[in-house]
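Student: sequence first, predicted model second:
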Amino acid sequence: DVLSRVIVAARIDLGIAVLAVGLSFCIGLFAGAIAGYYGGWIDRIVGRIVDTIMAFPLFVLAMGIVSALGNTVWNIVIATAIINVPFYIRFARAEINARLELGYVSAARLNGNSNISILTRHLIPNILPPMMVQVSLNMGWAILNAAGLSFIGLGVRPPTPEWGIMVSEGANYIFSGEWWVFFFPGFALVLSVFCFNLLGDGLRDLTDPRRRT
């Protein structure tokens, strides 16, 4: 029935979002931290890659990647990760740049720590809390992206239950009165994105000292 398919679809959509956001987070954190710390030609190369990705409408870019690679679950994960990577690269680069001249970084250099040690032991742990806010916000976008690709026929293939597919198929029953076919998967999609956005707002308030009361 519709309920069982909505529940199984939650596992698929959330799984795609978790894998895609986790992959983009790891790549973006590493590339952004390296670019922000070393600067120079590394920063320029990473910046041009980010600018190239951001030059395309992100959903259209995801459509092109899935169309070229094939509409499988792993290709949806790859496409969603690629369009999310620039957010983490820019965030990590900006946060690393803002902390390079702080006292604890200078003290680490004076103690003879290597660049890798300063990055992994001092800088990256300090930028993780604000980056987790971006992760929670991007989870909602990743779910919408996966559902949108499935809605237009480029995502998960039927008969696999997925929220975007269920909304697309249920749209055919709107005028015949079977409203529950499309309403409940659509409601599950809206609710999940709304909850992740609320989680992101809450984490932002917790990690920002200026917002604490």
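Tutor: Received, thanks.
Student: and stretch 142-152, what's buried?
Tutor: 142-151 (16 or more other Cβ atoms under 10 Å). All C-beta spots, glycine's among them, are computed from the backbone N, C-alpha and C.
Student: what's the closest of those residues to Ala81?
Tutor: The closest of the buried residues of stretch 142-152 to Ala81 turns out to be Ala142 (Cβ to Cβ; 8.5 Å).
Student: return the distance of the helix or strand hosting that closest one from the chain's centre.
Tutor: Assigned by DSSP states H and E, Ala142 belongs to helix 124-151. Taking Cα atoms, centre = their mean, to the nearest Å, one finds the center of helix 124-151 at 3 Å from the center of the full chain.
Student: and that helix, what does it pack against?
Tutor: helix 2-38, helix 58-69, helix 73-99, helix 163-170, helix 180-207 (3 or more Cβ pairs under 8 Å, 6 or more residues apart in numbering; DSSP states H and E).
Student: now the second one: buried residues?
Tutor: Spelled out, that is helix 58-69. Residues of helix 58-69 classed as buried: 58-59, 61-63, 65-66 (neighbour count, 16+ other Cβ under 10 Å).
Student: any chance of those residues in JSON lines, plus distance to Phe175?
Tutor: Shown next, in JSON lines, are those (distance: Cβ to Cβ, whole Å):
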{"residue": "Leu58", "distance to Phe175": "33"}
{"residue": "Phe59", "distance to Phe175": "28"}
{"residue": "Leu61", "distance to Phe175": "34"}
{"residue": "Ala62", "distance to Phe175": "31"}
{"residue": "Met63", "distance to Phe175": "28"}
{"residue": "Ile65", "distance to Phe175": "35"}
{"residue": "Val66", "distance to Phe175": "30"}
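Student: show me which of these is closest to Val8.
Tutor: Val66 (21.6 Å).
Student: pLDDT averaged over the helix holding Ala142 - what is it?
Tutor: Mean pLDDT, computed over helix 124-151, is 84.
Student: gap between Arg99 and Ser106?
Tutor: According to Cβ to Cβ, to the nearest Å, Arg99 and Ser106 sit 11 Å apart.
Student: again with Ala147
Tutor: From Ala147 over to Ser106 (counting by Cβ to Cβ), the distance is 47 Å.
Student: export the helices and strands packed on helix 124-151 to CSV and tack on mean pLDDT and distance to Val133?
Tutor: Output for the helices and strands packed on helix 124-151, formatted as CSV (pLDDT from 0 to 100; distance: least, Cβ to Cβ, whole Å):
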stretch, mean pLDDT, distance to Val133
helix 2-38, 88, 12
helix 58-69, 88, 19
helix 73-99, 89, 9
helix 163-170, 84, 25
helix 180-207, 82, 5
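Student: make TSV out of those and add distance to Gly112.
Tutor: Below are those laid out as TSV (distance: least, Cβ to Cβ, whole Å):
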stretch	distance to Gly112
helix 2-38	17
helix 58-69	43
helix 73-99	19
helix 163-170	54
helix 180-207	31
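Student: of all the ones you listed, which one is nearest Met132?
Tutor: The nearest among the helices and strands packed on helix 124-151, by Cβ to Cβ, is helix 180-207 at 6.0 Å.
Student: and that closest one, what other elements does it pack with?
Tutor: helix 2-38, helix 124-151, helix 163-170.
Student: surely Val6 touches Phe183?
Tutor: No: using Cβ atoms under 8 Å, Val6 is not in contact with Phe183, being 10.3 Å away.
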